[in-house]
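# the sequence and its predicted three-dimensional model are supplied below.
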Amino acid sequence: MDEIDRSSWMMRRDVLRLVYESKSGHLASSLGLAEFFSTMYLGGVMRYDSMNPLWEGRDRLIVSNGHVVPIWYTALAYSGFFPRENLLNYAEFSSMLQGHPHVHFEYKSEGVNKVGFPGIESNSGSLGQGVSYSVGVAMGIRAKKRSLGSKYGRVPHTYCLMSDAELQEGQTWEALQLSVVEKLEDLTFVIDRNNIQIDALVDELSPIEPLESKLESFGLHTIEINGHDPEEIERGISSAKSVSGRPTVIVMHTVSGKGVSFMEGDYKWHDHIPTSEEYRMALLEIEERL
Amino acid sequence: MSVNYEFVSRDFKNSEQVEMRAVFGESMFKLAERNDKVVALTADLGKSLRLDKMSRKYPQRYFNVGVAEQNMIGVAAGMASEGLIPFATSFAVFSPGRSWEQIRISVASMNNNVKIVGSHGGLSVGKNGMSHQALEDIAIMRVLPNMVIISPCDANQTEAAVQAIADYKGPVYLRFPRMASRNFSLKAEFEIGRSYVYREGGDISIFATGVFVWEALMLAEELSVQGVDSEVINLSTIKPLDRTTLIESARKTGKVVTWEDHQFVGGMGSAVCEELSQENVKIMRVGVEDKFGESGEPDELFEKYGISREKVKSKIIDFLKA
């Protein structure tokens, strides 16, 4: 896992730079998700074709907490979907790197085209919506299960990343409930349990523990992992995929702002842009790990 | 007779009462038979949307997601992205309404191929009262880019519209009433974006939608007795508006009346005003005048809220005098 660890820290550096240079972006959550994105995209967990982002045999990752695009765009760039040099165009006018995930469909006689950052499945930024979307995607794939299975020897898996604060939106529970009713075994939810939201710590504003038992009582196969351990992430996903008859939810514990001592665990860094001094200090800490 | 019998049945005055929603359900069943990509979702209103027949024959393509409109739209969007053609159905007050922001992001902003169906549009919902009478749905869907809005005039047109909507690639909102209404149009082809001139006339243009199209034809008969020659146009597509047809009519008569079972602010009438704002024309909007509805029979409600044929007749007579 050394390679994954190294990639994670390299991505952290890119994320920090991208947010600082564009003076926009959600830093803390993005830094906390480096191991997750590194493992999914570079650790062989997700099946995809960066040269053909809409390859129908791909696994689908819906990022419902769309504000973590800084780490997502970075991971997609590292995976060959997009040139790394262009990451600094984040949130700029006319840039493909929109502030939150933004793609749209174009319908031509030859077929459907998806316009926007390659590798992005859906528009997000409004919490809760991606969770429902991922349920629909999994149901859509299920409808073509036989043909996809015979073509690719496997059924594409759908992943939905979401935040813990996002569970405050009622829609998320509507979606989780339906996913169980529909027995969506080829769907895995991952909750980024970093305990921060914009104005507060989640557990101080609106405590959700015991979270696992709430999710279990909805009928989801529920597991807990350390989101900074690539091996645990991999094992968690494997476990999820081995369960049939119901979807899995992985409660993934991460430290927001991971890698920068003065950011870790502090909700103020959820949407705060570092000053040049803070940037310099943060960069030093991350580069020490490389 | 300047009624266009290419579109209107010769016996339109005596046409039978048919529920558009009943024909919607039947059309969905037939559509599902022809196209295996078509699926239906409902937020526990499948019976009201007459989807039972489809649900029985195609249970794997029918999803009652429960009373959860926001989730329904997101799920439909995900399904559409995987190549299905989902019709997400509910009462118009609930979807759009509760699900508006989901429609905004998961459907409209992605130009996603989701068909949103809002039954029970308008005061004509009747006894269930205000909470169930959608008077704002056209307004809130009009402001979404990429959204197409269809409001058929009767059962025959609903049937044709369902097929056209399934063939169309992109987001569509289909709106129809609860009540049975006169089924008077001929089973002609339905073209999205086209407004149909059902009656030609030179004194006044009546742009109507939904149940008021037949009412407008009947009103035109009454007005002609008083020497007023009305042009009646069916605005079965509210977005995009058929600019050419509407402007031609407006220029001919110089006086336009819009008539809808919806607030007179923000709906079809407002769309017409916007479109004709640079024309030399006077426009009178008929709709519910900034009030919520209440329980009653449709005709009692139309009368009280000033949108019945009788009320519109006197409004038009005053409008013409001014």
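Nice, thanks for sending it over.

# list the contacts for the closest residue to B:Q70 other than its chain neighbours?
Of all residues not flanking B:Q70 in the chain, A:Q171 sits nearest, at 4.5 Å (Cβ to Cβ, 6 or more residues apart in numbering or on different chains). From N, CA and C alone the C-beta is placed, and that goes for glycine too. By Cβ atoms under 8 Å, 6 or more residues apart in numbering or on different chains, the contact set of A:Q171 is A:128-129, A:131-132, B:68, B:70-71, B:74, B:102.

# and the biggest strand by length in chain B, what does it pack onto?
With secondary structure taken from DSSP state E, chain B has its longest strand at strand B:255-263. Here strand B:255-263 touches helix B:137-142, strand B:204-208, helix B:212-225, helix B:268-275, strand B:282-288, helix B:309-321, going by 3 or more Cβ pairs under 8 Å, 6 or more residues apart in numbering or on different chains; DSSP states H and E.

# figure out which of the ones you listed is closest to B:F184.
B:F184 lies closest, by Cβ to Cβ, to one member of the helices and strands packed on strand B:255-263: helix B:212-225, at 5.3 Å.

# residues from the stretch 51-200 of chain A in reach of chain B?
Within the stretch 51-200 of chain A, the positions lying close to chain B (Cβ under 8 Å from any Cβ of the partner chain) are A:62, A:102-107, A:112, A:121-126, A:128-141, A:143-144, A:170-171, A:174-175, A:177-178, A:181-182.

# now find how far off-centre the least confident helix or strand in chain A by mean pLDDT is within its chain.
The weakest-scoring helix or strand in chain A, judged by mean pLDDT, DSSP states H and E, is strand A:111-116 (a mean of 93). Centre-to-centre, strand A:111-116 and its host chain are 22 Å apart (Cα atoms, centre = their mean, to the nearest Å).

# list of residues touching it?
The contact list for strand A:111-116 (Cβ under 8 Å, 6+ apart) reads A:53-54, A:96, A:98, A:101-107, B:83, B:169.

# go with 7 Å
For strand A:111-116, the surrounding residues in contact (Cβ atoms under 7 Å, 6 or more residues apart in numbering or on different chains) are A:54, A:96, A:102-106.

# any idea which of those is least confident?
Lowest pLDDT among the contacts of strand A:111-116: A:M96, with 90.

# pretty sure A:L97 sits against A:F117.
Yes: the criterion here is Cβ atoms under 7 Å, and A:L97 meets it with A:F117 at 6.3 Å.

# need the overlap of contacts for those two.
The contact sets of A:L97 and A:F117 overlap at A:Y73 (Cβ under 7 Å, 6+ apart).

# more neighbours: these two, which one.
Between A:L97 and A:F117, A:L97 has the larger neighbour count (other Cβ atoms under 10 Å in any protein chain shown), namely 24 against 21.

# show me what contacts the more buried one?
Counted by Cβ under 7 Å, 6+ apart, A:L97 has contacts A:73, A:89-91, A:117.

# ok, and the most crowded of the residues you listed?
Ranked by neighbours (other Cβ under 10 Å), the contacts of A:L97 are led by A:Y73, which has 30 neighbours.

# my guess is it is in a helix, correct?
Yes: judged by DSSP: H, G, I helix; E, B strand; the rest coil, A:Y73 forms part of a helix.

# for it, which non-adjacent residue is spatially closest?
Nearest residue to A:Y73, sequence neighbours excluded (Cβ to Cβ, 6+ apart): A:L97, at 5.5 Å.

# show me the strands in chain A, by range?
For chain A, strands defined by DSSP E occupy the ranges A:60-63, A:103-108, A:111-116, A:158-163, A:187-193, A:221-226, A:248-253.

# CA atoms only: put the fifth one into PDB for me.
If I follow you right, that is strand A:187-193. Output of strand A:187-193 as PDB, limited to C-alpha atoms (Å, rounded to 0.1, in the frame of the first residue of the first chain):
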ATOM      1  CA  LEU A 187     -24.900  -0.600  -4.400                       C
ATOM      2  CA  THR A 188     -22.600   0.600  -1.600                       C
ATOM      3  CA  PHE A 189     -22.900   3.800   0.300                       C
ATOM      4  CA  VAL A 190     -19.900   5.300   2.000                       C
ATOM      5  CA  ILE A 191     -20.500   7.900   4.700                       C
ATOM      6  CA  ASP A 192     -17.500  10.200   5.300                       C
ATOM      7  CA  ARG A 193     -17.800  10.400   9.000                       C
END
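
# what's next to that strand, contact-wise?
The contact list for strand A:187-193 (Cβ under 7 Å, 6+ apart) reads A:29, A:32-33, A:65, A:134-135, A:138, A:157-164, A:179, A:227, A:237, A:240, A:247-254.

# run through chain B and note the low-pLDDT ranges.
B:1 (pLDDT under 70).

# what are the ranges of the helices in chain B?
Assigned by DSSP state H, chain B shows helices spanning B:20-34, B:52-57, B:69-81, B:100-102, B:137-142, B:155-167, B:212-225, B:243-253, B:268-275, B:298-304, B:309-321.

# ok, now chain A?
Going by DSSP H, chain A shows helices at A:2-22, A:27-32, A:34-42, A:69-78, A:129-143, A:145-152, A:170-181, A:202-205, A:211-217, A:230-242, A:276-288.

# still on that earlier bit, would you turn the helices and strands packed on strand B:255-263 into TSV with distance to A:E209 and mean neighbour count?
Shown next, in TSV, are the helices and strands packed on strand B:255-263 (distance: least, Cβ to Cβ, whole Å; neighbours: other Cβ atoms under 10 Å in any protein chain shown):
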stretch	distance to A:E209	mean neighbour count
helix B:137-142	38	24
strand B:204-208	58	28
helix B:212-225	56	21
helix B:268-275	50	21
strand B:282-288	49	22
helix B:309-321	60	15
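
# number of residues surrounding the residue of the stretch 151-290 of chain A found nearest chain B?
Nearest to chain B in the stretch 151-290 of chain A, going by Cβ to the nearest Cβ, is A:E174, at a distance of 3.6 Å. Other residues near A:E174 come to 25 when the count uses other Cβ under 10 Å.

# contact partners for A:H104?
By Cβ under 7 Å, 6+ apart, the neighbours of A:H104 are A:115-116, B:109-111.

# just want the most central residue of chain B.
B:S151 (1.9 Å; Cα atoms, centre = their mean).

# so how far is B:G118 from that one?
According to Cβ to Cβ, to the nearest Å, B:S151 stands 10 Å off from B:G118.

# what is in contact with the two at once?
B:R175.

# any regions of the stretch 51-200 of chain A where pLDDT drops low?
Low-confidence segments of the stretch 51-200 of chain A, defined by pLDDT under 70: none present.

# who in chain B is up against chain A?
Counting by Cβ under 7 Å from any Cβ of the partner chain, chain B comes close to chain A at B:65, B:68, B:70-71, B:74-79, B:81-84, B:101-102, B:105-106, B:109-112, B:169-170.

# and A:I198, how many neighbours?
A:I198 - counted by other Cβ under 10 Å - has 13 other residues nearby.

# please tell me I have it right and it contacts A:H270.
Yes: between A:I198 and A:H270 there is a contact at 5.3 Å, judged by Cβ under 7 Å.

# re the thing from before, can you list the helices of chain A in a markdown table and add distance to B:R251?
Converted to a markdown table, the helices of chain A look like this (distance: least, Cβ to Cβ, whole Å):
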| stretch | distance to B:R251 |
| --- | --- |
| helix A:2-22 | 51 |
| helix A:27-32 | 57 |
| helix A:34-42 | 60 |
| helix A:69-78 | 50 |
| helix A:129-143 | 45 |
| helix A:145-152 | 55 |
| helix A:170-181 | 48 |
| helix A:202-205 | 60 |
| helix A:211-217 | 63 |
| helix A:230-242 | 65 |
| helix A:276-288 | 63 |
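
# mind checking which of those helices is nearest A:I223?
Comparing those by Cβ to Cβ, helix A:230-242 comes nearest, at 5.6 Å.
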